[in-house]
Structures are given as structure tokens and as C-alpha cells.
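Chemist: The following comprises the amino acid sequence and a computationally predicted model.
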Amino acid sequence: MPVDTVTPSARVPAVLVPVVGVHVGLLVAGVAALSLDPPAKGWAVLATVLAYAVALPWACHRAGRPDLVALAGFLAAVSVFQVLPDWVLADLVGTLRFPDTGGLRVDDVIPLAMAGMWIAPLFAAVALSGNRPARAAGLAAVIFLGSEILAPYVGLWEPAGDTHRLLGVAIYVLPAEAALGWAAATAFIATRTSGVPTRIAAALAVSTFYLGALVLAHFLIDVAGWRIV
């Protein structure tokens, strides 16, 4: 049975003020960064995600929530490994494109900022789910759908290639991102009391699972003909 370590209580609104404050700060800084022109835009986005990655565990610690500190650390590792699925989609599969808005890039394909950009949506999905994987999957699907709709308009990323789309979103990413929420919650629950090497390996496993889900969903939705001949 999943352990619900973030069960709401009468103290939660006051206790979580630092955590909420960090996310308000992320929103404000993110809007400001995205309003800039390249190359300042890319550097500002990178600075924003780095500041958030540092501020989140600090805020969780200030809130007296070691469970959320552990979650923030685990998701930071997941987010770093998430560069790999994005890299495969952009450089091999050809279904994702990252506009060059400035800042450091991985192999001139992906903004380095993406190594920290997955923390916030996954933290929201897993923390608000009460560490329930199925609920985390549903929350992740909703959160990432909003992200996928907005991303092309603010110049973060955009779908590419021949894919089925809804509201400008490549449909194949949605079930994969729901699976990512489930995998992140499951892996965190299974390894939160384990040593650092095990948690890092689990984070890599989450991203590897996500990559497999992406490729499978893309094949089933956009490639397979579903004919029996």
C-alpha cells in the first residue's frame, strides 16, 4: 500500500508557506524570463530553473517536511536524466524541436535549462497525489497538457515531424507523460529510504521508462498502420 506522506492537515496551509512561496517566485521569474528576447531569454530561463532547483529543497526543509525534501532531491535527478529522452526525440526520432533562445545547449540540440525544467511539474503531480501513483499519473497528464499547449507560444519547445496533434500538442506525448507521473511516484516510494546510488539509478530508470513509453506511443499512434494482411 502506498505510504501517504503528504496527507493534508489543519497545519498544512501555514506549514507549506515557504513551498508555495517558491512556486509563486518561479511563476513570476518565469514570466519575466520568457518575456525577454534571445539570447537573454535563454540565459534567464536557465538561471530561473537553477534557482528553483536550489530553493525548492530549502523551502521544504524550512517547512519541516523531510518527505518533500527527499522528493525534491529525487526529482532533481530525474529532471537531469530527462535530457536523454528529449535528446532522442529531437536528434533521432525528429518529433521535437527546441528553438535557440540563448544560453547553454546540449550538443546544440537542447537547452541545458531542460535539465531542471521537469522538477516543478513532477513535484506538483507527485506531492499533490499524496504519493499515489495512479493519482500522480492523472495529475501529470493535466499539468503536462497545459505545458505542451503553452510551450510553443513562449518559445521553449514545439512538436516537429509528422505526428497527430490536438490543440497543437503531439498526442503521443500525453500517455507517455501520464506514465512518467506514475513512474516518478512509484520509484520515489520504492527508494526514498535507500542510499544515494540506488535513488540515482531509480531516477535513470524513470527516464528510461519514459523514453520507452514515448517511442511506443509514437509508434502506435503515428506510425503503425494497424492492418492485418
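Modeler: Structure received. Note that the structure is predicted; figures quoted are calculated from it, not measured. Residues are numbered from 1 along each chain as shown.

Chemist: can you tell me which residues contact the residue nearest to V154 when sequence neighbours are not counted?
Modeler: Residue nearest to V154 in three dimensions, not counting chain neighbours: L34, with 4.6 Å by Cβ to Cβ, 6 or more residues apart in numbering. For every residue, glycine as well, the C-beta is placed using N, CA and C. Contact analysis of L34 by Cβ atoms under 8 Å, 6 or more residues apart in numbering lists K41, V45, V154, G155, L156.

Chemist: what's the closest of the residues you listed to A124?
Modeler: Closest to A124 out of the contacts of L34 is L156 (17.3 Å), distances taken as Cβ to Cβ.

Chemist: Tell me where the model's unsure across this protein.
Modeler: 1-15 (pLDDT under 70).

Chemist: residue ranges of the helices in it, please?
Modeler: 12-15, 17-34, 40-62, 66-81, 83-88, 114-117, 119-128, 133-154, 173-191, 196-218 (DSSP state H).

Chemist: out of those helices, nearest to R105?
Modeler: Per Cβ to Cβ, nearest to R105 of those: helix 40-62, 8.1 Å.

Chemist: List of residues touching the closest one?
Modeler: Contact with helix 40-62 is made by 18-19, 21-22, 25-26, 29-30, 32-34, 36, 66, 68-69, 71-73, 76, 79, 100-104, 111-113, 115-117, 119-120, 123, 155-156, as judged by Cβ under 8 Å, 6+ apart.

Chemist: Could you give me the buried positions within it?
Modeler: Neighbour counts using 16 or more other Cβ atoms under 10 Å place 41-46, 48-49, 52-53, 55-57, 59-60 of helix 40-62 among the buried residues.

Chemist: Among the residues you listed, which one sits closest to V196?
Modeler: P57 (14.2 Å).

Chemist: For T101, see how far away S207 is.
Modeler: In this view, S207 and T101 are 24 Å apart by Cβ to Cβ, to the nearest Å.

Chemist: got it, and R132?
Modeler: 36 Å.

Chemist: Near T193, how many other residues are there?
Modeler: 9 (other Cβ atoms under 10 Å).

Chemist: show me what contacts the residue most central in space within the chain?
Modeler: Nearest to the geometric centre of the chain sits W118, at 2.5 Å (Cα atoms, centre = their mean). Residues near W118 by Cβ under 8 Å, 6+ apart: L75, V78, S79, Q82.

Chemist: swap in H218?
Modeler: V93, T95, T163, Y172.

Chemist: ok, now with 7 Å
Modeler: Applying Cβ atoms under 7 Å, 6 or more residues apart in numbering to H218 gives the contacts V93, T95, Y172.
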